[in-house]
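> please work out how this folds:
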Amino acid sequence: MSRSRNGTGTVAQRADGRWMAQVRIEGRRLSVYGRSRKEATDKLDSLRKQYLVQGGLPGPQSLFQLLDQCTEATEPGLRPSTLRDQRRYTALVRAELGDAPLSRLTPSRLQLLYGKLQAHPRKALHVHALLHRALGAAVLWGWLPLNPADRVKRPSRGPVINRRPRRP
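Below you'll find the model as predicted:
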């Protein structure tokens, strides 16, 4: 049996029956698990591809850290009322999504959040705008390969209510 090349990682079956694949990147040993050997090697390949595309490994950033850093970055240029609203929507997102790692934030989770907020259409639009900007910054900073908010249907504004009658 021949040896595999350096940097390709190792695959082994654990005592509990699961398969574990490991690779060392930038001095860090990264492990992925799967129910079958193929599943573990596929996850390992996608981890390596992610490293090549991003030029590095994403850190353990969470949604909280991202929202805090985006607020800090935009705070000097915002009016006090805008900053207050942004903090209120950030607290709403935190309450609904929890402290999720960015890697586990999927379009389906965002769509469910928008569905919960659809009773208040303006609130849903503001939350979408906040998340879209923040996740766009995460892509720019190399924390995420793609923006999950790009693959979500934007919340609708709700019914249009004419407050003033038209003049003939």
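> contact partners for the residue lying closest to H132 once chain neighbours are set aside?
Spatial nearest neighbour of H132, excluding adjacent residues (C-beta to C-beta, 6 or more residues apart in numbering): A149 at 4.2 Å. Glycine gets a C-beta too; all of them are placed from N, C-alpha and C. Neighbour list for A149: 107, 110, 128, 131-132, 135-136 [criterion: C-beta atoms under 8 Å, 6 or more residues apart in numbering].
> which one of those residues has the most neighbours?
Counting neighbours by other C-beta atoms under 10 Å, L131 comes out on top of these with 26 neighbours.
> gap between the nearest residue to it once chain neighbours are set aside and R35?
In this structure, L131 finds its nearest non-sequential neighbour in A149, 5.2 Å apart by C-beta to C-beta, 6+ apart. Here A149 is placed at a distance of 31 Å from R35 (C-beta to C-beta, to the nearest Å).
> same for the longest helix along the chain, what does it pack against?
In the chain, assigned by DSSP state H, the helix with the most residues is helix 121-140. Counting contacts by 3 or more C-beta pairs under 8 Å, 6 or more residues apart in numbering; DSSP states H and E, helix 121-140 packs against helix 63-74, helix 80-97, helix 107-117.
> what's the closest of the ones you listed to A40?
With C-beta to C-beta as the measure, helix 107-117 is the member of the helices and strands packed on helix 121-140 nearest A40 (24.1 Å).
> picking that back up, can I get the contacts of A149 in a markdown table with pLDDT and distance to L30?
Shown next, in a markdown table, are the contacts of A149 (pLDDT from 0 to 100; distance: C-beta to C-beta, whole Å):
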| residue | pLDDT | distance to L30 |
| --- | --- | --- |
| P107 | 91 | 25 |
| L110 | 92 | 26 |
| H128 | 93 | 33 |
| L131 | 93 | 27 |
| H132 | 94 | 29 |
| L135 | 91 | 23 |
| G136 | 91 | 26 |
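> relative to R94, which of these is nearest.
Closest to R94, out of all of these and judged by C-beta to C-beta, is L131, at 11.5 Å.
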